[in-house]
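>>> I would like to see how this sequence folds:
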Amino acid sequence: MTISLGIESTAHTFGVGIIDEKGNILANEKKQYTNKKGEGIKPYDVSQHHYSCAQDVLKQALDQANLKINDIDVISFSQGPGLGPCLSVSATTARTLAIKYKKPIVGVNHCVSHIEIGKTLLDMKDPLVIFASGANTQIIVKDENRYKIIGETIDIGIGNLFDSFARDLGYGFPGGPILDKIYFEANPEKYIDLPYSVKGMDMAFSGLLTSARKLINKENKQLIYSFMHTAYAMLIEVVDRALSYTKKKEIIVIGGVAASKALKEMLEKFAKQHDIKLYIPPMVVCLDNGLIIANLGLKQHLHQKPITLEQTKINPKFRTDQTIINW
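Next up, the predicted model:
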């Protein structure tokens, strides 16, 4: 029974997950960088947080799985995309373990890992993928042996959009979950008109952010509702167009923004209107974590040639469509 250990550190989370080839989840431990200063995240500070907790999180994961490091068959790590200083932590940790314990090493694409954990845990055939996270907003379909991006943001990811606006409002990081709660406290009938920018299959969020910033005042519930509703409406328009193009009958939402109750509510209504199935993985794997890295690393280990240490360089701009899927 092949067992994979995965290490995640693309952005604010350092995580270690362990999974076997039957899909049994053996461990999933993590620690997330946060602050309450409204400053967002500074890559160097976050990388130092990751280095400081790496040993503890690794030990917690092995203890949870009741395993020793020698029981692990392959070491997987998030090779990209992500913040360079943060990615270096998982790469360095993985190389250290691989060399010291003589284990094969696998670098994986963080975005693809979110898709593949959904396929491991959920009963789907061939879904349209909505990848919504801090840095990424992409509409994805499987095309032969790759995941093809057929629509995406042309400026900022929807998660970073929400975190940036929350920071402007004086909230700490991460701010998206805070806005998501406030969304339901507003009156939908008092919607505030904001810029809406969809360009074919792509979205642009920066104009929305700029305009909303100018409207910040002491009573911001309606503004938050309108801001989020507009962003999600843009995303769903592109999804609608993608479904018309691809004829898919399933949708899966992946990435940290999949935890948004506001997005779930809008997509449930959309799915019912279009008679399609909507899948949202368990929140524990929607948010960044090491388990998704372990899962994809295991698949690549079983179906592809091993890589050398020289091939484990981090790639902050690693595209979703650069990963070969041959399983």
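
>>> Assess the claim that Gln64 and Glu29 are in contact.
Yes - using Cβ atoms under 8 Å, Gln64 is in contact with Glu29, at 6.2 Å. From N, CA and C alone the C-beta is placed, and that goes for glycine too.

>>> What's the local residue count around Leu235?
When neighbours are counted by other Cβ atoms under 10 Å, Leu235 registers 25.

>>> surely it meets Gln138?
No - counting by Cβ under 8 Å, Leu235 does not reach Gln138; the two are 10.3 Å apart.

>>> Mutual contacts of these two, please.
With contacts taken as Cβ atoms under 8 Å, 6 or more residues apart in numbering, Leu235 and Gln138 have Ile130 as neighbours in common.

>>> so where's this protein uncertain?
Within the chain, the stretches with pLDDT under 70 are 37-40.

>>> Please parse it into its domains.
3-114+285-322, 123-280 (automatic domain parsing).

>>> gap between the two ends of the shortest one?
With Cα to Cα, to the nearest Å applied, domain 3-114+285-322 spans 25 Å between its terminal residues.

>>> Report all helices and strands that the helix or strand encompassing Ser78 contacts.
Secondary structure assignment for Ser78, by DSSP states H and E: strand 74-80. Under the contact definition 3 or more Cβ pairs under 8 Å, 6 or more residues apart in numbering; DSSP states H and E, strand 74-80 sits against strand 3-8, helix 84-101, strand 105-109, helix 110-121, helix 290-303.

>>> Throw those into a markdown table and include mean neighbour count and distance to Ser211, thanks.
Shown next, in a markdown table, are the helices and strands packed on strand 74-80 (neighbours: other Cβ atoms under 10 Å; distance: least, Cβ to Cβ, whole Å):
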| stretch | mean neighbour count | distance to Ser211 |
| --- | --- | --- |
| strand 3-8 | 28 | 35 |
| helix 84-101 | 20 | 31 |
| strand 105-109 | 25 | 34 |
| helix 110-121 | 25 | 29 |
| helix 290-303 | 27 | 35 |
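
>>> Where does Ala242 sit: helix, strand or coil?
helix (DSSP: H, G, I helix; E, B strand; the rest coil).

>>> Could you do Ile156 as well?
Assignment for Ile156 (three-state DSSP): coil.

>>> Near the residue nearest to it when sequence neighbours are not counted, how many other residues are there?
Once flanking residues are discounted, Ile156 sits nearest to Phe205: 5.4 Å by Cβ to Cβ, 6 or more residues apart in numbering. Phe205: 25 surrounding residues under other Cβ under 10 Å.

>>> Does Phe205 touch Leu161 like I think?
Yes - counting by Cβ under 8 Å, Phe205 does reach Leu161; the two are 4.7 Å apart.

>>> what sits in contact with each of these two?
With Cβ under 8 Å, 6+ apart as the test, Phe205 and Leu161 both reach Ala231.

>>> Nearest spatial neighbour of Pro127, chain-adjacent residues omitted?
Pro127 sits nearest to Glu250 (Cβ to Cβ, 6+ apart), 3.8 Å away.

>>> got the contact list for the nearest residue to Asn220 once chain neighbours are set aside?
Leaving out its chain neighbours, the residue that sits closest to Asn220 by Cβ to Cβ, 6+ apart is Leu169, at 6.1 Å. Applying Cβ under 8 Å, 6+ apart to Leu169 gives the contacts Gly175, Ile216, Asn220, Ile224.

>>> List buried residues within those residues.
Gly175, Asn220, Ile224 (16 or more other Cβ atoms under 10 Å).

>>> For this protein, which segments count as helices?
43-65, 84-101, 110-121, 158-168, 176-183, 206-214, 221-246, 261-274, 283-286, 290-303 (DSSP state H).

>>> Tabulate those (a markdown table), appending distance to Trp327.
Formatted as a markdown table, these follow (distance: least, Cβ to Cβ, whole Å):
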| stretch | distance to Trp327 |
| --- | --- |
| helix 43-65 | 24 |
| helix 84-101 | 21 |
| helix 110-121 | 9 |
| helix 158-168 | 29 |
| helix 176-183 | 33 |
| helix 206-214 | 38 |
| helix 221-246 | 21 |
| helix 261-274 | 28 |
| helix 283-286 | 19 |
| helix 290-303 | 5 |
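
>>> So for Ser9, which of those sits nearest?
Comparison of those against Ser9 by Cβ to Cβ identifies helix 84-101 as nearest, at 3.9 Å.

>>> This completes my enquiry, with thanks.
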